[in-house]
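Engineer: Okay, structure incoming, though there's no sequence with it:
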């Protein structure tokens, strides 16, 4: 992964360096957190990718639960309990699920409530011949998330009407000692726990993400390896080679110039869920005490034909991060003898080269309009690169929290709607 900003970020090198230098003590703190390899600090999620005990626990349970005829892994969770997992799964498999109907196991995500989705899931369960064809992973750090528990109760009732008992095809992922953990012990349901200090939006490299990804055949060893390598780069005080510190400084400086919108523009449609994961990471980490940056997700080149006019001709209130990869896993070439021939320039052209031309054309247009942007260049869309991106962005958010002077690890206002929702439900009985 490469990070580029020179001549396009539209803030001076001196401003960036001076801003970054203000966090020297915090960089040293992160280095100490890594050295301790424990889970006592707020930032201890950075130790997840090098936790060998965690890897062993996940791999053993994955072997135990994955059957030869497994077709569907159902992840029941919301927010940080599923967004990171979905980001990785969609990047590697999920975006193509409709195009690969015979590839299994597939992952199904149940997050918010929807009667239609649950109805169709019930229909799917009715088509299964054996309970071994489905595995349910219910994830709630607190163990009492209304949306998650609603979906779990409905799903388990569907399952038991079809197959009888469900306990052996369910895995709980939760905090040790939570209500969910206690219920798992009572019902003898296999359980994975995560460190108390690791919040949901920082948990993708914990059992929250690693277990379902492993069951679905994703190489979690390479995912972790990419994260470890990037972590070591991003806790280094070599400012000009620390992408997390650089991008945090640039984002903060633009926010001070009233550019309070951060638009991640992915030129790979399978990465849209990765953008949504980042949207939660930034929104919950920085949006407090009247401060914050509003995160957006755009997909190229689709959104050049929907909101490109706004981006290029509207208010200059955004910092854009272009994300693209340079080496596609598969090469497709436009035919030399074209059937229609309406765009002559694409004849005998690799599709990847056309995409790169669109990316370069977009960057030139932004440059001419004096719109600030930075670039994240992935070698390819694979486990190692995704692990690196995830870790880089989580550490970037820790730095941004320090720049804004807010706690990047809590989300007190999210609890407001949760409290009111439960109050309404109790009153409605």
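Structural biologist: Happy to help now that I have it. Not measured: the values here are computed from a predicted model. Numbering: from 1, shown residues only.

Engineer: could you show me where the strands are in the protein, in order?
Structural biologist: Secondary structure of the chain (DSSP state E): strands at 2-4, 72-76, 106-110, 134-139, 170-175, 190-194, 261-266, 294-299, 318-325, 373-378.

Engineer: Would you convert those into CSV that also reports distance to residue 22?
Structural biologist: For glycine as for every other residue, the C-beta is placed from the backbone atoms N, C-alpha and C. Output for these, formatted as CSV (distance: least, Cβ to Cβ, whole Å):
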stretch, distance to residue 22
strand 2-4, 20
strand 72-76, 40
strand 106-110, 40
strand 134-139, 37
strand 170-175, 34
strand 190-194, 32
strand 261-266, 20
strand 294-299, 23
strand 318-325, 19
strand 373-378, 20
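
Engineer: Looking at the ones you listed, spot the one closest to residue 336.
Structural biologist: Among the strands of the chain, strand 318-325 comes nearest to residue 336, with 25.6 Å by Cβ to Cβ.

Engineer: Where do the helices of the stretch 1-150 of the chain begin and end?
Structural biologist: Ranges of helices in the stretch 1-150 of the chain, per DSSP state H, counting those that start in this stretch, are 13-21, 24-36, 52-65, 83-92, 115-126, 146-163.

Engineer: Show me what the third one is packed against.
Structural biologist: Spelled out, that is helix 52-65. For helix 52-65, the packing partners by 3 or more Cβ pairs under 8 Å, 6 or more residues apart in numbering; DSSP states H and E come out as strand 190-194, helix 207-215, helix 220-234.

Engineer: winner for burial among the ones you listed?
Structural biologist: For the helices and strands packed on helix 52-65, the largest average neighbour count (mean count of other Cβ atoms under 10 Å) is found in helix 207-215, namely a mean of 27.

Engineer: Burial check on the residue lying closest to residue 411 once chain neighbours are set aside, number of neighbours?
Structural biologist: The shortest distance from residue 411 to any non-neighbouring residue, by Cβ to Cβ, 6 or more residues apart in numbering, is to residue 284 (4.5 Å). Residue 284 has 23 neighbours, counted by other Cβ atoms under 10 Å.

Engineer: what does the one 3 residues further on give?
Structural biologist: By other Cβ under 10 Å, the residues close to residue 287 number 17.

Engineer: burial of the nearest residue to residue 30 once chain neighbours are set aside, as a residue count?
Structural biologist: Nearest in space to residue 30, with sequence neighbours left out and distances taken as Cβ to Cβ, 6+ apart, is residue 235 at 4.3 Å. Residue 235: 24 surrounding residues under other Cβ under 10 Å.

Engineer: picking that back up, export the helices of the stretch 1-150 of the chain to JSON lines and tack on mean neighbour count and distance to residue 293?
Structural biologist: Below are the helices of the stretch 1-150 of the chain laid out as JSON lines (neighbours: other Cβ atoms under 10 Å; distance: least, Cβ to Cβ, whole Å):
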{"stretch": "helix 13-21", "mean neighbour count": "15", "distance to residue 293": "15"}
{"stretch": "helix 24-36", "mean neighbour count": "15", "distance to residue 293": "19"}
{"stretch": "helix 52-65", "mean neighbour count": "15", "distance to residue 293": "31"}
{"stretch": "helix 83-92", "mean neighbour count": "25", "distance to residue 293": "18"}
{"stretch": "helix 115-126", "mean neighbour count": "13", "distance to residue 293": "32"}
{"stretch": "helix 146-163", "mean neighbour count": "18", "distance to residue 293": "26"}
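
Engineer: what about those helices, which gets the closest to residue 312?
Structural biologist: Of these, nearest to residue 312 by Cβ to Cβ is helix 13-21, at 24.9 Å.

Engineer: got a list of contacts for the closest one?
Structural biologist: Helix 13-21 is contacted by residues 5-6, 9, 239-240, 242, 245-246, 248-250, 252-253, 403 when judged by Cβ atoms under 8 Å, 6 or more residues apart in numbering.

Engineer: Now find how far off-centre it is within its chain.
Structural biologist: Averaged C-alpha coordinates place helix 13-21 at 28 Å from its chain's average position (Cα atoms, centre = their mean, to the nearest Å).

Engineer: tilt between that helix and helix 24-36?
Structural biologist: Angle, helix 13-21 to helix 24-36, by axes from the mean of the first three to the mean of the last three Cα atoms, to 10 degrees: 50 degrees.

Engineer: So for helix 13-21, mean pLDDT?
Structural biologist: Helix 13-21 shows a mean pLDDT of 97 in the predicted model.

Engineer: Now distance to residue 159 and mean pLDDT too, for the strands of the chain, in a markdown table please.
Structural biologist: Formatted as a markdown table, the strands of the chain follow (distance: least, Cβ to Cβ, whole Å; pLDDT from 0 to 100):
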| stretch | distance to residue 159 | mean pLDDT |
| --- | --- | --- |
| strand 2-4 | 45 | 98 |
| strand 72-76 | 9 | 98 |
| strand 106-110 | 12 | 98 |
| strand 134-139 | 7 | 98 |
| strand 170-175 | 8 | 97 |
| strand 190-194 | 16 | 97 |
| strand 261-266 | 36 | 98 |
| strand 294-299 | 33 | 98 |
| strand 318-325 | 38 | 98 |
| strand 373-378 | 38 | 98 |
